[in-house]
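[1] Below is the structure, and that's it, no one-letter string:
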């Protein structure tokens, strides 16, 4: 088995309105519960909006802190899941089932698992 991170992106301009948010929340809850029930979910969480982000860098020995995400993009990172599945194809299949797949995107990335330190 391998671990994959499913990074969930969406364009805030396409975000659901208040009435649609409740219905979409139920879809996300059902999706999450299906991952748990199938035994593939390792972890996951939604993230606060990009306006809540802080980016920290060190340049020339000086720590720089700026408000906002590290990179300005149209689609913002909204949350993630880490799943334990047989292969990339299985991770991609899970990504294709996400409630936002018709309006956003999901980046599927393998997680590097280091051997236990002796």
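    All right, it came through fine. Quick caveat, the model's predicted, so the values are computed rather than measured.
[2] Quick check: phi and psi on the residue nearest the centre of the chain?
    With distances taken as C-alpha atoms, centre = their mean, residue 80 lies nearest the centre of the chain, 2.2 Å away. Phi and psi for residue 80, reported as degrees, to the nearest 10, are phi -160, psi 160.
[3] Name the nearest residue to it, ignoring sequence neighbours.
    Using C-beta to C-beta, 6 or more residues apart in numbering and skipping the chain neighbours, the partner closest in space to residue 80 is residue 7 (5.3 Å). All C-beta atoms are positioned from the backbone trio N, CA, C, and that covers glycine.
[4] which strands and helices sit next to the helix or strand harbouring the one you found?
    Using DSSP states H and E, residue 7 sits in strand 2-10. Here strand 2-10 touches strand 76-85, helix 88-96, strand 105-110, going by 3 or more C-beta pairs under 8 Å, 6 or more residues apart in numbering; DSSP states H and E.
[5] swap the cut-off to 6 Å and go again
    strand 76-85, strand 105-110 (3 or more C-beta pairs under 6 Å, 6 or more residues apart in numbering; DSSP states H and E).
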